[in-house]
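Undergrad: mind folding the following:
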Amino acid sequence: MSSFGQKMSLIERITYRFAWSVLWMLSKVLFRFRVVDKHNFPIEGSYILSPVHRSYLDTPVGGMVTARRQRFMGKESLWKNSISGRLLTLVGAFPVERGTADRTALRACQEILERGVPLVMFPEGTRRHGPIVKKEEMHAGPAFVSLRTGAPIVPMGIAGTDYAWPPGTSKIKPHKVILVVGEPIYPKVFEGRVPRRAVDELTEELRQKLQIVFDQAQELLGKPALPEPATLGKED
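TA: Numbering: from 1, shown residues only. Below is the predicted model of the structure:
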């Protein structure tokens, strides 16, 4: 049996809560992060948290919106080191081999959600730049898994992480971060095969609502997301 959605032992829960608390305090000191509309999270059961992606910090800082252990995908190579692998597994990551079929990863995501465990999926796939969530950069994964499992999608705007860790740099610096949690998007229920049209429609609905919460986060931060690295000025 796969362990993707397996429950943690008591020791693992205690260790996770301790690690989460330490990271929460570090994030609060370094990024003074603020969570807006946290009440939009479903009270129980599984959901797909779908944030915008502008920095490597989006995963650790974005994970501070809830103390619940959320699962997310990571490159299998990160597990080559036993210590880092154990740490990643503890905080909710699970390995996905680069180059494998998308359906393998989506099957793992589906299993996690069916066990009632929250999952993080970045709908833009990889890090993007600028203040706009572009239609051509959206991936259908979150919508497909949502329609297959019935799990709601929770869009989240994150502003400030790209200033804390600017594109093209290797240094992290203190900077305020704003997280805005959007209202959950509940999918239609289909028996059997999920129509491609339904996936496309839900992906576009997610994009539009993601843009709304991203705009709110940028407005609260007081500055837009950074542009492509080649066009960066001396913004701070």
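Undergrad: please list all residues in contact with the residue nearest to residue 55 when sequence neighbours are not counted.
TA: Excluding its sequence neighbours, the residue lying closest to residue 55 (CB to CB, 6 or more residues apart in numbering) is residue 161, at 3.7 Å. C-beta: built from backbone N, CA, C; applies to glycine. Each residue near residue 161 by CB atoms under 8 Å, 6 or more residues apart in numbering is listed here: 31, 54-55, 57-58, 61, 177.
Undergrad: helices or strands next to the lengthiest strand in the chain in the packing?
TA: Using DSSP state E, we find that the single longest strand of the chain is strand 153-159. Counting contacts by 3 or more CB pairs under 8 Å, 6 or more residues apart in numbering; DSSP states H and E, strand 153-159 packs against strand 48-51, helix 58-62, helix 141-149, strand 178-181, helix 196-221.
Undergrad: can we see that at 10 Å?
TA: Packed against strand 153-159 by the contact rule (3 or more CB pairs under 10 Å, 6 or more residues apart in numbering; DSSP states H and E) you find strand 34-36, strand 48-51, helix 58-62, strand 119-120, helix 141-149, strand 178-181, helix 196-221.
Undergrad: want to throw these into a markdown table with distance to residue 80 and mean neighbour count?
TA: A markdown table is the format used below for the helices and strands packed on strand 153-159 (distance: least, CB to CB, whole Å; neighbours: other CB atoms under 10 Å):
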| stretch | distance to residue 80 | mean neighbour count |
| --- | --- | --- |
| strand 34-36 | 34 | 16 |
| strand 48-51 | 27 | 27 |
| helix 58-62 | 19 | 21 |
| strand 119-120 | 22 | 26 |
| helix 141-149 | 25 | 24 |
| strand 178-181 | 31 | 24 |
| helix 196-221 | 33 | 18 |
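Undergrad: mind putting these into CSV with distance to residue 155?
TA: Below are the helices and strands packed on strand 153-159 laid out as CSV (distance: least, CB to CB, whole Å):
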stretch, distance to residue 155
strand 34-36, 13
strand 48-51, 5
helix 58-62, 12
strand 119-120, 12
helix 141-149, 9
strand 178-181, 8
helix 196-221, 4
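Undergrad: which of those has the lowest average pLDDT?
TA: Of all the helices and strands packed on strand 153-159, mean pLDDT reaches its minimum on helix 58-62 (a mean of 89).
Undergrad: C-terminal to the helix or strand of the chain with the lowest mean pLDDT, what's the next element?
TA: Scoring the helices and strands of the chain by mean pLDDT, DSSP states H and E places helix 82-91 at the bottom, with a mean of 72. Once the chain leaves helix 82-91, the next helix or strand it forms, by DSSP states H and E, is strand 93-96.
Undergrad: packing partners of that following strand?
TA: With 3+ CB pairs under 10 Å, 6+ apart as the test, strand 93-96 has strand 72-75, helix 82-91, helix 102-114 packed against it.
Undergrad: strands paired with that strand, and their directions?
TA: If you go by DSSP bridges, strand 93-96 pairs up with strand 72-75 (parallel).
Undergrad: roughly how far is the strand it pairs with from the heart of the chain?
TA: 11 Å (CA atoms, centre = their mean, to the nearest Å).
Undergrad: pull out the buried residues from it.
TA: Within strand 72-75, the residues that qualify as buried are 72-74, counting by 16 or more other CB atoms under 10 Å.
Undergrad: nearest to residue 102 among these?
TA: residue 73 (11.0 Å; CB to CB).
Undergrad: what's the distance between residue 162 and residue 114?
TA: 34 Å (CB to CB, to the nearest Å).
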